[in-house]
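>>> My questions concern the predicted model and sequence given below.
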Amino acid sequence: MTRSTSPASSASSEEFDYIIVGAGSAGCVLANRLSASGAHTVLLLEAGPRDTNPWIHVPLGYGLLFRNKTVNWMYQTEPEPGLEGRSVFQPRGKVLGGSSSINGLLYVRGQREDYDRWRQLGNTGWGFDDVLPYFKRAEDQSRGADAYHGAGGPLPVSDWRHPDPLSEAFVEAAAEIGIPTNPDFNGATQEGAGFYQTTSRHGRRASTAVAYLNPARRRPNLRIETAALAQRIVFAEGRAAGVLSSRGGVTRYARARREVLVASGAFNSPKLLQLSGVGPAELLRQHGIDVVHDAPGVGQDLQDHMQVRMVMRCAQTITLNDIINHPLRRVLAGLQYVALRKGPLTIAAGTAGAFFKTDPRLASPDIQIHFIPFSTTKMGDRLHRFPGFTASVCQLRPESRGSVRIRSADPAAPPEIRINYLASETDRTANVEGLKILRTILRAPALQPYVADEVEPGDALTSDADLLAFCRKVGSTIYHPTSTCRMGPDPRAVVDTQLKVRGLDGLRVVDGSVMPSLVSGNTNAPIIMIAEKASEMVLQDAR
Ligand SMILES: Cc1cc2nc3c(=O)[nH]c(=O)nc-3n(C[C@H](O)[C@H](O)[C@H](O)COP(=O)(O)OP(=O)(O)OC[C@H]3O[C@@H](n4cnc5c(N)ncnc54)[C@H](O)[C@@H]3O)c2cc1C
């Protein structure tokens, strides 16, 4: 059966200047900026619910949202050949704020070199000096404005306010092995060890729904529809004419006077394009979808950060495991949070961290460490009964590439995701060398009062082969899929430097899927930057 591209069965049809599909990190920024002047009407479609789950707003609550299907797409990869054929769990936000409502809150931009590389690849206007103003425009930095930071923007960025001897000892231990202390991973240089800043204010999460959407919510020219799953984009004569969506079993069609902006994230944006007839022709035909535009790159070039966690048994009962597993200490932590918005419940996905090179010949760090004063067998599981802490290795610029492909023409079906972790020799070596350096930090004098023993990988695993086998056994995602609708000048690139989908009119992709290559850090801040820059481009075109 070949499906028509006309919205034949739609009951009602309304018209907006802009239709944004997905209210995640990028979509909420777009909704705010495009509706700000009042001159344009904007429809924001979000498949998930409003962000009323109270755990969304408590930083440590992310552990409880990890496997909560009311706010999470809970995707799984196909069996990963490099990880012993395991399928890797891929959480993604399905709620206002998207993944910024369920993420680990860390505010990290990546390296100057990432963006300069984007520019070198032919993406004019995306070098570091070009994008820095958009990072600053977004930011409300609690330390105040300077050459690298903005103050007064919508997105609060603040220091963690909970003194933690373990995290402090980690930074000291790194210094002991020659990794300098860095007070600002987003300043002049990323290299070094220090404390993470988070997207939060007064101990509450600042998702983009909180930071960008809430202030815009009452604008009469902005319509926000939750529980509305976009099924496909409808095209007329090569132009994105509107979006078909379903809500409560009713299919509706909304027309876009100016543009459709796809902001559904690195898995769902290529999926929506493919469902709409924009993607590899052979895949679309296989599922009976009319080919609107044969775009072989849609869903290709998927990249993700893998993490390999080292778990340590702590010699003192000062870890979060000890607080959460103790009824009285748990209640006290809850009271401390309710009364003061401080304490263990403000812990994000990392307290301290480090960026270092596994090879001195590299121009910039290729490894990021997330240090956290608790431990679990798997992320999202209950905390270990014993006192424990975790430090994970994340290779910053993996060479392995994967794909996202629809499984069927059914918009409700999850896509087929292959990441191909550890497919490249560079990736395997970097992970093994990263583990060795991390182990050296964890064995440095400053941490010795706190280390009882190494639970994972364990002292018995020492050779490179042992450590690689360990990576294959436990490696999982650190939740940064990108580049599935990559920007670039080459024929396989899906969008141009204006983020317009090549070969079609009235259609842009604005989210993590447009990154030409994965940045060397966490992805929320860079995606917010992308949406800030995109909103300016869209508004310029409307003049
Ligand atoms: C558990 C976890 C921890 C993380 N920790 C950090 C961290 O500490 N720091 C950091 O910087 N980054 C972190 N990240 C990554 C970061 O949050 C994401 O990269 C970023 O939020 C992605 O932004 P996006 O706009 O591309 O997509 P998303 O924020 O995922 O937004 C996409 C939105 O589109 C909606 N949508 C999808 N399909 C449709 C459809 N068909 N119709 C309607 N709506 C649709 C989704 O429901 C979602 O709301 C983490 C991510 C996760 C999942």
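Everything's here; your move. Numbers count the residues shown, from 1 in each chain.
>>> From here on, just use CA atoms for contacts and neighbour counts.
Fine.
>>> is it fair to say residue 447 lies in a strand?
No: looking at residue 447 with DSSP: H, G, I helix; E, B strand; the rest coil, it is helix, so not inside a strand.
>>> Distance-wise, check it relative to residue 316.
According to C-alpha to C-alpha, to the nearest Å, residue 447 and residue 316 sit 11 Å apart.
>>> more neighbours, those two?
Ranked by neighbour count (other C-alpha atoms under 10 Å), residue 447 and residue 316 place residue 447 first, with 21 against 15.
>>> In contact with the more buried one, which residues?
Contacts for residue 447 (C-alpha atoms under 8 Å, 6 or more residues apart in numbering) come out as 166, 169, 170, 173.
>>> if we go to 10 Å?
Taking C-alpha atoms under 10 Å, 6 or more residues apart in numbering as the criterion, residue 447 is in contact with 165, 166, 167, 168, 169, 170, 171, 172, 173, 174, 314, 441.
>>> I'd guessed residue 162 sits against residue 337; true?
No: contact criterion C-alpha atoms under 10 Å: residue 162 and residue 337 do not qualify, at 11.1 Å.
>>> tell me which residues in stretch 307-327 are buried?
307-315, 318-325 (16 or more other C-alpha atoms under 10 Å).
>>> Now do residue 219 against the ligand, distance only.
20 Å (C-alpha to the nearest ligand atom, to the nearest Å).
>>> And that residue, its phi and psi?
Backbone torsions of residue 219, given as degrees, to the nearest 10, read phi -70, psi 130.
>>> What count of nearby residues applies to it?
With other C-alpha under 10 Å as criterion, residue 219 counts 15.
>>> Pull the contacting residues for it.
Applying C-alpha under 10 Å, 6+ apart, the residues near residue 219 are 32, 35, 36, 37, 38, 41, 42.
>>> State the distance from the closest residue to residue 316 other than its chain neighbours to residue 165.
Nearest non-adjacent residue to residue 316, counting by C-alpha to C-alpha, 6 or more residues apart in numbering: residue 450, 6.1 Å away. Computed as C-alpha to C-alpha, the residue 450 to residue 165 distance reads 9 Å.
>>> More neighbours: those two, which one.
Per other C-alpha under 10 Å, whichever of residue 450 and residue 165 has more neighbours is residue 450, with 23 against 13.
>>> For residue 168, see how far away the more buried one is.
Separation of residue 450 from residue 168 (C-alpha to C-alpha): 11 Å.
>>> again with residue 148
Distance from residue 148 to residue 168, counting by C-alpha to C-alpha: 25 Å.
>>> all strands of the stretch 51-200 of the chain, in order?
75-76, 89-90, 139-141, 155-159, 192-195, 197-198, 200-201 (DSSP state E, counting those that start in this stretch).
>>> Could you dump those strands into CSV and include mean neighbour count, distance to residue 371 and mean pLDDT?
Shown next, in CSV, are those (neighbours: other C-alpha atoms under 10 Å; distance: least, C-alpha to C-alpha, whole Å; pLDDT from 0 to 100):
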stretch, mean neighbour count, distance to residue 371, mean pLDDT
strand 75-76, 17, 25, 98
strand 89-90, 19, 21, 98
strand 139-141, 23, 23, 98
strand 155-159, 23, 15, 97
strand 192-195, 24, 9, 98
strand 197-198, 25, 13, 98
strand 200-201, 22, 19, 97
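>>> Looking at these, spot the one closest to residue 259.
Among the strands of the stretch 51-200 of the chain, the nearest to residue 259 by C-alpha to C-alpha is strand 155-159 (25.8 Å).
>>> what about the helix or strand bottoming out on mean pLDDT in the chain and the ligand, any contact?
Here the helix or strand of the chain ranked lowest by mean pLDDT, DSSP states H and E is helix 62-65, holding a mean of 93. No: using C-alpha under 6 Å from any ligand atom, helix 62-65 stays clear of the ligand, coming no nearer than 6.9 Å.
>>> Can you list the buried residues in that helix?
Neighbour-count burial for helix 62-65 [16+ other C-alpha under 10 Å]: 62, 63, 65.
>>> again, but for stretch 402-414
Result for stretch 402-414 [16+ other C-alpha under 10 Å]: buried residues 402, 403, 404, 405, 406, 407, 408, 409, 411, 414.
>>> Need phi/psi at residue 247.
phi -150, psi 120.
>>> can you check the one 3 residues further on too?
As for residue 250, its main-chain torsions (degrees, to the nearest 10) stand at phi -100, psi 130.
>>> Make 43 the starting number, not 1.
In the new numbering, first residue 43, that becomes residue 292.
>>> Give me the pLDDT for it.
As predicted, residue 292 sits at a pLDDT of 96.
>>> If it is in a bridge, with which residues?
For residue 292, the beta-bridge partners under DSSP bridges are residue 289.
>>> returning to what we had before: of the contacts of residue 261, which qualify as buried by neighbour count?
Applying 16+ other C-alpha under 10 Å to the contacts of residue 261 flags 74, 77, 78, 83, 84 as buried.
>>> coming back round to it: make CSV from the strands of the stretch 93-242 of the chain and add distance to residue 418 to it.
Listed next are the strands of the stretch 93-242 of the chain as CSV, based on distance: least, C-alpha to C-alpha, whole Å:
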stretch, distance to residue 418
strand 117-118, 20
strand 131-132, 16
strand 181-183, 32
strand 197-201, 25
strand 234-237, 21
strand 239-240, 22
strand 242-243, 24
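>>> circling back: what do residue 204 and residue 379 both touch?
385, 386, 387, 388.
>>> and the second one, how many neighbours does it have?
Right, the one you point to is residue 386. When neighbours are defined as other C-alpha under 10 Å, residue 386 has 24 of them.
>>> Tell me how far the residue nearest to it when sequence neighbours are not counted lies from residue 369.
Among residues not flanking residue 386 along the chain, residue 375 sits closest, at 6.3 Å (C-alpha to C-alpha, 6+ apart). According to C-alpha to C-alpha, residue 375 and residue 369 sit 10 Å apart.
>>> next one: residue 572
When residue 572 is compared with residue 369 (using C-alpha to C-alpha), they lie 44 Å apart.
>>> and what of residue 487?
33 Å.
>>> Run through who's touching stretch 161-172.
153-160, 173-174, 529-532, 538-540, 558-559, 572, 575.
>>> Let's see the distance spanning it from one end to the other.
The first residue of stretch 161-172 is 9 Å away from its last residue (C-alpha to C-alpha).
>>> For the stretch 443-585 of the chain, just list every one of the helices.
Applying DSSP state H, counting those that start in this stretch to the stretch 443-585 of the chain gives helices spanning 467-484, 506-516, 566-584.
>>> one step back: of residue 190 and residue 210, give the one with the bigger neighbour count.
More crowded of residue 190 and residue 210, by other C-alpha under 10 Å: residue 210, with 16 against 13.
>>> my read: the more buried one touches residue 414, true?
No: applying C-alpha under 10 Å, one finds residue 210 not in contact with residue 414, separated by 11.0 Å.
>>> so what sits against both of those two?
The contact sets of residue 210 and residue 414 overlap at 393, 394 (C-alpha under 10 Å, 6+ apart).
>>> ok so, going back, common neighbours of residue 492 and residue 207, please.
Here residue 492 and residue 207 have 360, 361 as joint contacts, going by C-alpha under 10 Å, 6+ apart.
>>> Sketch out the helices for the stretch 93-242 of the chain, chain order is fine.
Along the stretch 93-242 of the chain, the stretches classed as helices by DSSP H, counting those that start in this stretch are 104-107, 154-162, 170-180, 207-218.
>>> Reformat those as a markdown table; add distance to residue 468.
As requested, the helices of the stretch 93-242 of the chain are exported to a markdown table (distance: least, C-alpha to C-alpha, whole Å):
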| stretch | distance to residue 468 |
| --- | --- |
| helix 104-107 | 32 |
| helix 154-162 | 18 |
| helix 170-180 | 25 |
| helix 207-218 | 24 |
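>>> Fine by me, we can end here.
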